[in-house]
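K.L.:
Below are the sequence and a predicted model for it; my questions follow.
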Amino acid sequence: MDAAMNAAVSALKSESQALSTISTNLANSGTTGYKAVSTQFLNLLNGTTSGTSGTQSGGVTTVTRQNVSLTGNITSTTNSTDMAIDGTGFFVVSDGTNDYYTRNGSFTSDSTGNLYLSGTSYYLMGWTTDATGSVTTVNQGNTASLEKINVQKYNSTATATTTYSMSANLPDEAQSDVNTLSYTNDSGSSETLNYAWTSTGTNSSGNSTYLVSVTPSNSSVTLDDGTTSGVSQLTYTVEADSSGNIVSVTGTTNNTTGYSGTELPSSITASDKTSGSIDTSTETWSAVEAKTGFSKSTSMKIYDSLGTEESVPVTWTAAGDNTWVMTVSSPTDASGSTTSGLLSDSSGVSASSYSYSVSFNSDGTLKSITPLSEMNGSTVSTAPVDANGDPIIKTYSWTDGATAGTVTLNLGTVGKSDGLTQYDTGETTPSISVKSTTQDGVQYGTLKSVAVNSSGEIVATYSNGESVPIYKVAVATFANANGLAAKSDTVYQQTSSSGGYILNEAGQNGAGSLEGSSLESSTVDTSTEFSNMITCQQAYSAASQIISTGKSMFTSLLQAVQ
């Protein structure tokens, strides 16, 4: 009889524990990411005897069984920082001392922008990314590589332009509007020298400055001005007063300061006229009269490191022989009315402008882009190029305090028509047709919102329309998720039963993808819990009846003994 009473007491205790589990499940039926637990009953035996007496009663005990790997339904929310894992894995959260894991994605930001689990002190952890969303951390597999996700880390955005691509057509018919000087070569044939005058601004004396290039129409001919020889193009820096009178001329071809004077050379020798030089004294050297060829300006819109829009004026001057002079001038503000910066030449010296010789093949495709030299005060400035020989916009300083930088100009592929071209437009008045431009800079913008995408990227959207990934949420997986130790606030802690964590990017290596503005519901099934509660209540009542019956039997026994 004692054994029966003990068995009944163990049943009461076990059913009480089962009822407590049911109560906890029902209380958390609306808790985000909560995983329902169940009670498992195990019998207890005091021992066995042989013969007909059978098995002696012992009782019952319980164990609680987790089902952490069971996933709940995903529902949409209106909070952009809510997230749910669709599949396997856990969010990594930290209290600043230890790491924990949770399926509860109800995250919100604190006063400094850090995302934390609502109502707790657990902060969401992730990796920092570059602008393309790639993780920048080297040791990505360790939680030491994670940091608190702060949505206000980049409260504003601005990216300096580093590349600028341009597709444009320079009118072939403009080449007929070049200043020319004819001569007869040794074979008695008529040849031509082309003169192009390009305005490069004013100097400190207030005088106008020009870059003058002399190019033979016959591309096989080279020139010699007495100090520079064997070149396909002679260049001079010309300074003129307000009346157009030439003040000084300095030869700058091949980065040397060979010729200097107050007028352009009166004679130039061409390689096909070895018996004598060409008399250039008949050319009108007045800057006002000589600057009559086709010359038009465009502008390149770029952004400095502060995200300020800048405009870089570019002058295109037809120089004859399918050649143009491209002159880049000091940047201005977006309106073009105020100078906003200085350029830097190939030597790193500040310059107000520099120029390139742009040549085309006979079929209109790009042939070459060559840096030119011109006088910059008392020294020679040569237009800068990058390591590949491509022209660049190289800044020396900005008036708004932005960091000086370099913009590589992609003006097309040599021998192709994918950038600059020279085709006849058929227009009565030639014009430069800019077909397309692209650049990689980003204007200054302030943070408007953040969102989470399926790959776990925290994407910040700014007032300038730019959307930039700033973090990637880490997803931890375990060999035995049901072995994790449950803690308060729907978080779990790693144990020896769960095995070690493996950090993954969302959607990779078996880890689930992420759903933004979503939460995972509790896995509690209320109908199942109510059914279990009725069963538990009946079992508890039955155990109580055993005790009541046992009490009556003890009373009867005591009365019989008396």
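P.N.:
Done, it's in. Just so you know, these numbers come straight off a predicted model, no measurement behind them.

K.L.:
what's the pLDDT at residue 103?
P.N.:
pLDDT for residue 103: 95.

K.L.:
Identify the residues contacting the closest residue in space to it that isn't next to it in sequence.
P.N.:
Excluding the flanking residues, the one nearest residue 103 by C-beta to C-beta, 6 or more residues apart in numbering is residue 33, at 3.7 Å. Placement of C-beta: from N, CA and C, glycine included. Listed by C-beta atoms under 8 Å, 6 or more residues apart in numbering, the contact partners of residue 33 are 72, 102, 103, 104, 105, 106, 490, 519, 520, 522.

K.L.:
that's a helix at residue 397, yeah?
P.N.:
No. If the criterion is DSSP: H, G, I helix; E, B strand; the rest coil, then residue 397 is strand and not within a helix.

K.L.:
Identify the residue spatially nearest to it, adjacent ones excluded.
P.N.:
Nearest to residue 397 is residue 342, by C-beta to C-beta, 6+ apart, at 5.2 Å.

K.L.:
ok, now residue 338?
P.N.:
residue 332 is the one closest to residue 338 (C-beta to C-beta, 6+ apart), at 6.0 Å.

K.L.:
again, but for residue 271
P.N.:
Nearest to residue 271 is residue 222, by C-beta to C-beta, 6+ apart, at 4.5 Å.

K.L.:
what residues are up against that neighbour?
P.N.:
216, 229, 230, 231, 232, 270, 271.

K.L.:
host element of the third one?
P.N.:
By that I understand residue 230. Counting by DSSP states H and E, the element that carries residue 230 is strand 229-231.

K.L.:
pLDDT (mean, whole number) over that strand?
P.N.:
The pLDDT scores in strand 229-231 average 88.

K.L.:
State the number of residues packed around residue 142.
P.N.:
If you count neighbours by other C-beta atoms under 10 Å, residue 142 ends up with 11.

K.L.:
packing partners for the longest helix anywhere in the chain?
P.N.:
When the chain is parsed with DSSP state H, its longest helix is helix 526-561. Applying 3 or more C-beta pairs under 8 Å, 6 or more residues apart in numbering; DSSP states H and E, one finds that helix 526-561 contacts helix 2-27.

K.L.:
can you give me the mean pLDDT across the helix it packs on?
P.N.:
What helix 2-27 shows for mean pLDDT is 77.

K.L.:
and if you look at stretch 252-265?
P.N.:
82.

K.L.:
need the contacts of residue 33 in a markdown table with distance to residue 443, can you?
P.N.:
Listed next are the contacts of residue 33 as a markdown table, based on distance: C-beta to C-beta, whole Å:
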| residue | distance to residue 443 |
| --- | --- |
| 72 | 43 |
| 102 | 39 |
| 103 | 40 |
| 104 | 38 |
| 105 | 33 |
| 106 | 35 |
| 490 | 42 |
| 519 | 35 |
| 520 | 39 |
| 522 | 45 |
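
K.L.:
ok, of those residues, which one's closest to residue 201?
P.N.:
Nearest to residue 201 among those is residue 105, at 59.7 Å by C-beta to C-beta.

K.L.:
Identify the residues contacting that closest one.
P.N.:
Residue 105 neighbours (C-beta under 8 Å, 6+ apart): 32, 33, 82, 83, 84, 85, 91, 518, 519, 520.

K.L.:
next SSE after the strand holding residue 230?
P.N.:
Downstream of strand 229-231 (by DSSP H and E), the next one is strand 234-240.

K.L.:
Now the element after that following strand, going C-ward?
P.N.:
Using DSSP H and E, the helix or strand that follows strand 234-240 towards the C-terminus is strand 246-251.

K.L.:
So what's the gap between that following strand and the chain middle?
P.N.:
49 Å (C-alpha atoms, centre = their mean, to the nearest Å).

K.L.:
Can you mark which positions in that strand are buried?
P.N.:
The neighbour-count check on strand 246-251 (16 or more other C-beta atoms under 10 Å) flags 246, 248, 249, 250, 251 as buried.

K.L.:
what lines up beside the helix or strand just after it in the sheet?
P.N.:
The C-terminal neighbour of strand 246-251 among helices and strands, as given by DSSP H and E, is strand 260-261. Strand pairing for strand 260-261, determined by DSSP bridges: strand 246-251 (antiparallel).

K.L.:
Could you export stretch 97-108 as CSV, keeping only the C-alpha atoms?
P.N.:
This file holds the C-alpha atoms of stretch 97-108, laid out as CSV (Å, rounded to 0.1, in the frame of the first residue of the first chain):
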residue,chain,number,x,y,z
THR,A,97,30.0,40.1,-22.1
ASN,A,98,28.6,36.9,-23.6
ASP,A,99,27.1,35.9,-26.9
TYR,A,100,23.6,34.4,-27.1
TYR,A,101,21.4,33.2,-29.9
THR,A,102,17.7,33.8,-30.7
ARG,A,103,15.0,33.4,-33.3
ASN,A,104,13.3,36.5,-32.0
GLY,A,105,13.9,39.2,-34.6
SER,A,106,12.0,42.0,-32.9
PHE,A,107,14.9,44.5,-33.1
THR,A,108,14.7,48.3,-32.6
